[in-house]
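Novice: Kindly return the folded structure for what I paste below:
(chains A and B, ligands or ions: 3)
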2 protein chains.
Amino acid sequence: LGRSVRCNLQIAVRCASTARGDLLKPSDSLIDRHIGPSESEIAEMLAVVGYKSLDEFMEATVPDTIKNNRALSMGEHQCESEALDNLRAIAQKNKILRSHIGMGYYDTITPGTILRNVLENPAWYTSYTPYQAEVSQGRMESLLNYQTMVKDLTAMDLANASLLDEGTAAAEAMSMCLSINPKAKRFFVSDTCHPQSLAVIRQRAEPLGVEVVVADHRDYDFENGPDLCGAIVQYPASDGRVDNMTELSGKIKSNAKGKCKLVVATDLLALAKLQPPGEFGADIALGSAQRFGVPMGYGGPHAAFFAVSGGSNIVRKMPGRIMGISVDADGNPGIRLTLQTREQHIRRDKATSNVCTAQALLANIAAMYGIYHGPEGIRRIADRTHACAATARLGLEKLGYDVDQGAIFDTIRVRTDKAEELAAKGVEAGFNMRVFEDGLGLSFDETTTSEHLNEIFGVFGHELAVDELLAAADLTMGPMERTSPILTNPVFNSHHSEMAMQRYIFKLADRDISLTRSMIPLGSCTMKLNATCEMIPVTWPEFGRMHPFAPLDQAAGYQAMIQELSDDLCNITGFAGITLQPNSGAQGEYTGLLAIREYHRANGDDHRKICLIPSSAHGTNPASASMSGMKVVVVKSSSNGDVDMEDLKAKVEKHSENLGALMITYPSTHGVYEETIVDVCKLIHDHGGQVYMDGANMNAQVGYASPGEIGADVCHLNLHKTFCIPHGGGGPGVGPIGVGAHLIPYLPSHPVIPTGGDHPLGPISAAPWGSASILPITYMYIKTMGAEGLKKGTAVAVLNANYMATRLSKSFPILYTGANGRNAHEFILNINPLKTKTGISEKDIAKRLMDYGFHAPTMSWPAVGTLMVEPTESEYKAEIDRYCTALESIRAEIQDVEDGIFPADDNPLVNAPHSLSKIVQEEWDHPYSREQAAFPLPFVKAAKFWPSARVNDEFGDRNLICSCPPMESYDELEIELPPTEEKVKQKN
Amino acid sequence: LGRSVRCNLQIAVRCASTARGDLLKPSDSLIDRHIGPSESEIAEMLAVVGYKSLDEFMEATVPDTIKNNRALSMGEHQCESEALDNLRAIAQKNKILRSHIGMGYYDTITPGTILRNVLENPAWYTSYTPYQAEVSQGRMESLLNYQTMVKDLTAMDLANASLLDEGTAAAEAMSMCLSINPKAKRFFVSDTCHPQSLAVIRQRAEPLGVEVVVADHRDYDFENGPDLCGAIVQYPASDGRVDNMTELSGKIKSNAKGKCKLVVATDLLALAKLQPPGEFGADIALGSAQRFGVPMGYGGPHAAFFAVSGGSNIVRKMPGRIMGISVDADGNPGIRLTLQTREQHIRRDKATSNVCTAQALLANIAAMYGIYHGPEGIRRIADRTHACAATARLGLEKLGYDVDQGAIFDTIRVRTDKAEELAAKGVEAGFNMRVFEDGLGLSFDETTTSEHLNEIFGVFGHELAVDELLAAADLTMGPMERTSPILTNPVFNSHHSEMAMQRYIFKLADRDISLTRSMIPLGSCTMKLNATCEMIPVTWPEFGRMHPFAPLDQAAGYQAMIQELSDDLCNITGFAGITLQPNSGAQGEYTGLLAIREYHRANGDDHRKICLIPSSAHGTNPASASMSGMKVVVVKSSSNGDVDMEDLKAKVEKHSENLGALMITYPSTHGVYEETIVDVCKLIHDHGGQVYMDGANMNAQVGYASPGEIGADVCHLNLHKTFCIPHGGGGPGVGPIGVGAHLIPYLPSHPVIPTGGDHPLGPISAAPWGSASILPITYMYIKTMGAEGLKKGTAVAVLNANYMATRLSKSFPILYTGANGRNAHEFILNINPLKTKTGISEKDIAKRLMDYGFHAPTMSWPAVGTLMVEPTESEYKAEIDRYCTALESIRAEIQDVEDGIFPADDNPLVNAPHSLSKIVQEEWDHPYSREQAAFPLPFVKAAKFWPSARVNDEFGDRNLICSCPPMESYDELEIELPPTEEKVKQKN
Ligand SMILES: Cc1ncc(COP(=O)(O)O)c(C=O)c1O
Ligand SMILES: Cc1ncc(COP(=O)(O)O)c(C=O)c1O
Ligand SMILES: O=C([O-])O
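Specialist: Ligands and ions are numbered 1, 2, ... in the order given. Got it, this is the predicted structure:
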């Protein structure tokens, strides 16, 4: 019947319900726009699943044991324009002063074409982590550019594709040093480091039993001191000083018989003028790429960079995702995520890091900024930034101030006992400075002008002739001056006009499947609509240009929004308290487990370190548990996919004394509302343990149940799943944790801007409110959906999943269902039986889906040989039906293999995806036609997307190429590739 | 050597020129971003053309006779962020009050996804008029949707793809009636019409000798009155009244023996509730589509709609572009511009209209708004709008006011002698009303809320219970209530969720070549960069939400910007005065010629009506001349392409007595700086004529020469060419005219907001400052380029053209060059010799370029059998080289035809473009490979764009289908097509 039915039915509904009072309802409610299916489509789907109404369906599907039967507190939804107007008024309570605070956050200019065509473009921000390489070459090329840029500026061997922020990157470096030198449980932190990095390291070190030694690296006796696993210095120092790193490097290497690793926290812009860490022996270099075009945003999100030198041993310990160049089935270079075996989803509690979601979108912006400016542009920005600092220093000297001497880059330090007074005058004049006990710090950036310098001079005394000061200033960099060229790769030397840049941005986006093309039903990832009205406030300057350490009274708008959002999220989750600090789900897990740990310690239960985790848990769970000093004990799943209650009871009893926590995902990672969850929570509590709920599947609870009411003590939310923050191709994310009242005291603090409970943890993120500038997305979502809208969203998400499961169960077995035969918001197709029969694997199906224009579901997680499908409420019936039809058509193709019509080694599945190059080749000797290969269903033709040919995973892991090859022209990407396996075979 | 040279050279330049003063220069200058080639590329290109420096090159290329040797007055450029900050401060001088003024302009909500992904998306706004159908199917589908929407809501037979505004659409209707009934030189305008429409009609009628009869249509004796060519009524009336149109229609048809045409100016939203004009016998329906999601923007741009009923006679007189469905070479439906033979570029002075640039982008936004809301959504918005008006009327009655009774839609009229006083109170309360002599008018719209109603009641007396009023209000529509369904086509019933809408928007954009893919070197069209920083202010609410008739003191920001922009444009053109009112180049021409006409009349020279126009002139020139009551006399071109001076002299002398004007394009439409231009101007002046310069080629003058100094009396600019307003797929545009001091008195006025000279023309556009909301684009361009940047832009535009001409002259003859062998900013490739030899036409080359990923140059204009290439300054060398390589490769393919390697009827040229369907077909029996067809050069593969197969022009003109076919699913577009010629052949 199609869509036309919709109108009639809806008109009927409208007429019937049009009490006149409804007549004046605004025309821009988000609810019907966010929820994909129309009322008539919902009715059709309900009929297929076997229910009469959404209420009846949810009544039957959500277990009574967990239903909370209460209305959410946020009340009526606001329409889009109303919510935007209200949020604008809140935003305007922020007072945007110019920032000279520094400390790792600097104002920057996002080039217009990058702002509009990347940051504000759904083709970029709605894509997922590029696990499916063949439909992700565009953003992977961009992330490879990012890695290349970091490698080039730091002169290290290899960079990853971003970490969460500089503070956590420093903590990751500490963990990495420890895992290389596990016996030296001591880490040196130079007092040059940013205080927030030190604090994040301290918090990370404590559960691991690592002693943090803080000292002045100039005095410290590395040679004779105790063994350190590593030492970190900030270069340039947090207060601006540029020390001689060559000397320091030698000293540090004298520790622990040369085993102590040198970690350099640094600044990409400074490295345009300063000798890079790779040239003075650093093992790890890290820092923030924020000032490469990413707004400060009150602390985030921005990409942290992380690079290492020293061969495969160190590379294989590196945290985070890495893009690598491999080869595809056509023999062309193909980019893919390399060395995934390091990551938590494979190594679980043995992983060096729990990082999963990172900062892909922000890394891409930073890379694009590097490409747009190129080597000269970046040098010019570095030069002008340095010149501002040098000029300011000379001016303050002229005004009689005691200013630190020596080499500097962008920051100067003034010694004065009038710090507070001057800072207050600065605020009056419109700018913030950093306040030390004995003076002030001033940092400069891309946006500083000579008028700004004069405003500063005015505050410190009187205006000066900036030109003359500049002419007289000392602009030498001293012994650390960089002599090597920067950004030599062609990609940084080709796209400097706006037209060229714009075309490059669009060309890359054209190679990717994002939500702008088709549904991406990734189980556990909740790829729902990221509505435009939610995205609009993110790039308002009132949110973008705020330094995270700006005085609280200047951030009244942020604080008001954060408070309201916290209240709403507490209500949704049924918790008493919340922190928005964690930058990802994994960070939330880590924070929550630490809070549990503190709680036990406060009760004298330091020994409660056992963490029970079901075997089906996401890899971040065990990784986070082990980072928080807990010992993971795995609980089995029963044959129906639920937690095996027998095994759980046995293990709880066995570990009763030492039981710290259970980590459990709800609904389960199998997409089932387990009936037993309340009992499980009780069991754990009865044995003195705490329940950590992984809230990744919160999209199946909102409005119907809540972790707090179910019995969890703490739960993280992935705002980048349930609450509409876009995935950005692999980040940003926000992973707040809600906690019961007894855990509130332990919520994390911050060394610069106090936050958290009465007995707080140290900070988990570098910024007090984590990735604050994307919180408006969730705020807008909640306000525009309102209590009823959120609840309906949950119901439709569950309906969409059950409709698909009902339809697809005729083609593939569904792995697990609940007691009533229903799934929650996602379900698992079991491919194993077909695989055994035909040799066609879940991977072949995933790749074949690309020929149909679709992104695969989540593959082989949480169970091998499966595909996990999560449509979300934002998908409409036509798209869902197309996806089902594609899977059914693929099932028929597999039948043809089973029936011997296609040979097992030459069929549309094993050859998938079919690239354009392949289709155009003159020769075609397959048992199916080109048409069938490329346009297997009629709807495919209407908007054909061309995947690349299948990328060779093994080859990529064996041959590590993680930066752009130096090529003559990027358009004609040709790299020297070692022979492929087949070619090798032919040779022998 | 490529781009890497650039860096070194530039570093060298930087080091050399780095006087320290330069160090603090901002990092975001637009100049180097707007101008495509880097310094080193400029040097390379200069070397090829044979010059050492840009100065030397321009010195040699621009004739001394026209050089003005002065600096432009706008001085130093501002950097991007600085200019944005400054313009923001100006914008904030606008006081945005809520508008209840009505009169054809209403506040509206642009759905977020349409705002971001159409209006702010370069993939939509940078494309050109879809003359090349095979690379324009996306936006043509959208324009077809627009036509379908208009046809559906008006119930007329056929709609065009937009006109410039409602006022000009009304005037076009008048012209159309006249051309159908040329003997009845009398046009009736009902006093229900908006005053600006009446004024535009009056001005349009006067030069044509048409008498405008204004009266109350209820009293007027149509039956016995003199013959009218047509009669226009506003429905609903400007003051809100809804008359019985069935009665009126009968009365009007009694005039002139049934020949008098009924023209209905109407409102798309009202037609959701009111019987459509097509159902009561209208011949023409027109109006503004502004309130369908397009911001008021102080008057424009918005799309006017225009629809007709009554068979092919009337259709063929319709002005403006029309999309029609034809068939392509694969046998699939293909959309194309249909019936182009009506248009000025074919019919010249015989055309019914001079319309060329229209409002494609805005029509697309309106269509998308219709698609997003669908029939129920639009009905709901109409219902709520109507309910607001009805409630307001009842409330004011309750408050004791005398309010007009009878059927209404969105507007009420209050009779009171306190109008001024109440209006002032309204302004204080935050809203504007319409002021009549005897009272006030209030209009309501999508954004009105019950709070707004109460604010109104407060001003008129005191607050009331809106709910109760609403419950009691009369919501019937009376006899004119619509009974037929609306928006029944599937496209309006399929994309209501934001996800679905977003995908549809992206799917269409994917089918088009815009500047985001590759260069579009359309001669005469100046497809340069539309920089993001120029586009950003366009969607600021401070510019968007201003009603064009808001009191001047509320528009201080607009007025300040308009003044500064006018000053700058006067300086650039060397003129004493300017008007920004015309909405397109053609409108500028018309305005300029009218000013000349007034000047002659003021001098008692009413008889000076001869307008000399060179044969190579753009079609709008003769069309505009004839609309302004002049008689066109064509002047020959000499063999070198210049104006034939002998012929000119002869004609000037022959018509000396009656010489009104010469219209001349400079540089000539042949892309040549004619040396004789100053003499030409003098000659005309010596014979009492005025010189009208067509400024379409102003991009070759800015900073070097000016029309005013060359000797022109008036010149229009296409801000959508030279001054960075994007083409939007066929509009918007702005066509200001600069004039000498003697013509200033005649600049156009406006009936509502006074503008113009002391003896002004009537208005040319419906709004006093035309398309005011896109003026910030040009403003930003001028401010960010500054005097030096603008001048350099011109030089590089000319260099790019000459570099290409030099390179391509080895493959194709260049039709004309200047005295020194150089071209100006564009040049013409002569395909005629090759065509004679091989049968391969310029059209085949244009289509073959699509296979290479490129949009064709301007085809067969101004000379048949040619391609006119204009690269603009924004194209960088790599892209220019790719384009040249493609043309050279095509030349080689033609050689293969010449050499008999390919048959004349089966070669890559005549078969071009090669669609994806064709490439994938199993059969391939061409003498060249699939690879060669699809990837003729290596760079094509890196970002293959798939054109559709060649669209059949003849078929489309013979079979008129100008709205979406009713289809089951839009994804599977299948229409009943009559057999193609080939199939017909086979049948016989
Ligand atoms: C069940 C589950 N837990 C935890 C996570 C980790 O969240 P994040 O990627 O934000 O660190 C995920 C992410 O996909 C998940 O699916
Ligand atoms: C030389 C010339 N004159 C006039 C015009 C008409 O301008 P517009 O399309 O803005 O009406 C054009 C447009 O292409 C042109 O090229
Ligand atoms: O990103 C995930 O690992 O699901």
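Novice: got the phi/psi numbers for the residue lying farthest from the centre of chain A?
Specialist: Distance from the C-alpha centroid of chain A, by CA atoms, centre = their mean, peaks at A:G400 (47.2 Å). When read as degrees, to the nearest 10, the backbone of A:G400 gives phi 90, psi 10.
Novice: From A:V459, how far off is it?
Specialist: 14 Å (CB to CB, to the nearest Å). Glycine gets a C-beta too; all of them are placed from N, C-alpha and C.
Novice: so where's the stretch 851-988 of chain A uncertain?
Specialist: In the predicted model of the stretch 851-988 of chain A, residues A:966-988 satisfy pLDDT under 70.
Novice: near ligand 2, which residues of it show up?
Specialist: Proximity of the stretch 851-988 of chain A to ligand 2 (CB under 6 Å from any ligand atom) involves no residue at all.
Novice: residue ranges for the strands of the stretch 851-988 of chain A, please.
Specialist: A:858-859, A:866-869 (DSSP state E, counting those that start in this stretch).
Novice: of all these, which lies closest to B:A363?
Specialist: strand A:866-869 (39.6 Å; CB to CB).
Novice: Quick check: which ranges of the stretch 551-700 of chain A have low pLDDT?
Specialist: For the stretch 551-700 of chain A (pLDDT under 70), the answer is none.
Novice: where along it do the helices fall?
Specialist: A:556-573, A:585-602, A:620-627, A:645-654, A:677-686 (DSSP state H, counting those that start in this stretch).
Novice: The third one close to ligand 3?
Specialist: No - Helix A:620-627 does not reach ligand 3 (CB under 6 Å from any ligand atom); its nearest approach is 7.3 Å.
Novice: Give me the helices and strands touching that helix, please.
Specialist: helix A:195-208, helix A:344-347, helix A:585-602, strand A:610-614, strand A:631-635, strand A:659-665 (3 or more CB pairs under 8 Å, 6 or more residues apart in numbering or on different chains; DSSP states H and E).
Novice: Go through that helix and flag the buried ones.
Specialist: Judged by neighbour count (16 or more other CB atoms under 10 Å in any protein chain shown), helix A:620-627 contains these buried residues: A:T620, A:N621, A:P622, A:A623, A:S624, A:A625, A:S626, A:M627.
Novice: my guess is the fourth one meets A:R342, correct?
Specialist: No - counting by CB atoms under 8 Å, A:A623 does not reach A:R342; the two are 11.1 Å apart.
Novice: so what sits against both of the two?
Specialist: A:A351 (CB atoms under 8 Å, 6 or more residues apart in numbering or on different chains).
Novice: what's the closest of the helices and strands packed on helix A:620-627 to A:A237?
Specialist: helix A:195-208 (11.8 Å).
Novice: what's the burial count for A:E397?
Specialist: Using other CB atoms under 10 Å in any protein chain shown, A:E397 has 15 other residues around it.
Novice: how close does it get to A:T391?
Specialist: Counting by CB to CB, the gap from A:E397 to A:T391 is 11 Å.
Novice: Quick check: closest non-adjacent residue to the residue in the stretch 51-200 of chain A that ligand 3 sits nearest to.
Specialist: Closest to ligand 3 within the stretch 51-200 of chain A is A:T129: 5.7 Å, counting by CB to the nearest ligand atom. Nearest residue to A:T129, sequence neighbours excluded (CB to CB, 6 or more residues apart in numbering or on different chains): A:G730, at 3.8 Å.
Novice: do the same with A:I894
Specialist: Using CB to CB, 6+ apart, the closest residue to A:I894 is A:I840 (5.1 Å).
Novice: Same check on A:H34?
Specialist: Closest to A:H34 by CB to CB, 6+ apart is A:L529, at 5.4 Å.
Novice: what residues are up against the closest residue to chain B within the stretch 401-550 of chain A?
Specialist: Closest residue of the stretch 401-550 of chain A to chain B, CB to the nearest CB: A:T532 (3.0 Å). By CB under 8 Å, 6+ apart, the contact set of A:T532 is B:P111, B:G112, B:T113, B:L115, B:R116, B:N117, B:E498.
Novice: and what of A:Y128?
Specialist: Contacts of A:Y128 by CB under 8 Å, 6+ apart are A:I520, A:L522, A:C525, A:M527, A:H727, A:G729, A:G730, A:H855.
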